[in-house]
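J.: whatever this is, show me its structure:
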Amino acid sequence: MRAVAGSAIAGGAALLCAVLPDNGSASDAVWEGSTYLQVPVRAGSDTRLVMPEPFDDSWERESEVACTLMDSRTLIIRPRVAGIEQRLTLRGRQTGTLYLARVSSSLPYSPIVTVRNAGNPDDAPQATRTQSGVLGLLKAMMQGRAPLGYQVQQSQRILLDQAPYRIVAREVWRSRRQTGIVAQISTARPSQAIPIVPANLFIHIPELGTLRAMAADDFELDANRLATRVYLVYAR
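T.: The predicted model follows:
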């Protein structure tokens, strides 16, 4: 799975927070789903990003960095250019969590950033999980399991029809406070690779509130993949 995400969905997907020192020492980050993970890099140096679970990763501009996996949870990042400022998205293979990060050479350098979970959501009672807000609904839609309190309706509503994208809603998941949409995104340009960048896709549906999160099964369309599923969460 490849994933790309941008600042337009900050507060959605699954975000990370870190406090990084100025002295180039290792640092810990506790993920609590509130802000972006700040990942410092420096030309000529490696940064090791240690995640709490195995993951898939995708870059906004992958040509600017050299990345290798040290193991299933550790990504080694080395800039190919002096000035780096871009987004990185990681998706946990065990939990389906989407982690959004800011990778920047303007941050105080730290060679190792270790991310730790504030808690394991799978240990929480079912009643708590069904009220976990934007992240809980996003994960539920990706797993195809509606939480308690949600009604699922079929839909054929066209959400976006602007080259190179066409997005058509397939399911609408409704509760009193949130609405989730499972949709299909496709392209009519099979001869080229079309990235799916949430920051560039503004799907405004006033009656549902504000778009809080967007995810996709794949974040690139090409000749071998003309369509994929996307997931939108709106809240008032």
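J.: and this protein, what are its domains?
T.: 7-117, 127-235 (automatic domain parsing).
J.: now render those domains as a markdown table, adding mean neighbour count and mean pLDDT.
T.: Backbone N, C-alpha and C define where each C-beta goes, glycine included. Shown next, in a markdown table, are those (neighbours: other CB atoms under 10 Å; pLDDT from 0 to 100):
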| stretch | mean neighbour count | mean pLDDT |
| --- | --- | --- |
| domain 7-117 | 17 | 76 |
| domain 127-235 | 17 | 85 |
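J.: what's the single longest helix in this structure?
T.: In the chain, taking DSSP state H as the definition, the longest helix is helix 133-143.
J.: so which elements touch that helix?
T.: For helix 133-143, the packing partners by 3 or more CB pairs under 8 Å, 6 or more residues apart in numbering; DSSP states H and E come out as strand 165-174, strand 178-186, strand 210-216, strand 227-235.
J.: among the ones you listed, which is nearest Gly83?
T.: strand 210-216 (27.9 Å; CB to CB).
J.: what strands flank the helix or strand just after that closest one, and is each parallel or antiparallel?
T.: Later in the chain than strand 210-216, the nearest helix or strand by DSSP states H and E is strand 220-221. Using DSSP bridges, the strands paired with strand 220-221 are strand 194-195 (antiparallel).
J.: what residues does the strand it pairs with touch?
T.: 4, 164-165, 187, 219-222 (CB atoms under 8 Å, 6 or more residues apart in numbering).
J.: ditto for stretch 171-187
T.: So stretch 171-187 is contacted by 133-134, 137-138, 140-141, 146-147, 149-155, 159, 164-170, 194, 196, 208-209, 216, 221, 226-236 (CB under 8 Å, 6+ apart).
J.: thinking again about what came up before, got TSV for the contacts of strand 194-195, with distance to Leu49 too?
T.: Formatted as TSV, these follow (distance: CB to CB, whole Å):
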residue	distance to Leu49
Val4	17
Pro164	32
Tyr165	31
Thr187	31
Phe219	19
Glu220	22
Leu221	27
Asp222	27
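J.: Arg116: which of the helices and strands packed on helix 133-143 is closest?
T.: strand 210-216 (22.5 Å).
J.: the closest one vs strand 227-235, what angle?
T.: Compare the direction of strand 210-216 with that of strand 227-235 by axes from the mean of the first three to the mean of the last three CA atoms, to 10 degrees and you get 160 degrees.
J.: for the residue most central in space within the chain, name its beta-bridge partners.
T.: Taking CA atoms, centre = their mean, the centroid of the chain lies closest to Leu98, which sits 4.0 Å from it. As for beta bridges, Leu98 partners with Arg91 under DSSP bridges.
J.: thought it was touching Thr89?
T.: Yes: Leu98 is within contact range of Thr89, at 6.4 Å (criterion: CB atoms under 8 Å).
J.: dump stretch 178-196 to CSV, restricted to CA.
T.: Extracted as CSV, the C-alpha positions of stretch 178-196 are listed here (Å, rounded to 0.1, in the frame of the first residue of the first chain):
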residue,chain,number,x,y,z
GLN,A,178,-20.2,12.1,11.8
THR,A,179,-20.7,11.0,8.3
GLY,A,180,-18.3,8.6,6.5
ILE,A,181,-18.3,8.0,2.7
VAL,A,182,-16.8,5.0,1.0
ALA,A,183,-16.2,6.0,-2.6
GLN,A,184,-14.4,4.9,-5.8
ILE,A,185,-11.8,7.1,-7.4
SER,A,186,-10.9,6.4,-11.0
THR,A,187,-9.0,8.0,-13.9
ALA,A,188,-9.5,8.2,-17.6
ARG,A,189,-5.8,8.6,-18.2
PRO,A,190,-4.5,5.0,-18.1
SER,A,191,-1.3,5.9,-20.0
GLN,A,192,0.2,7.8,-17.0
ALA,A,193,0.6,7.5,-13.3
ILE,A,194,-1.9,9.7,-11.4
PRO,A,195,-1.1,10.3,-7.7
ILE,A,196,-4.0,10.6,-5.3
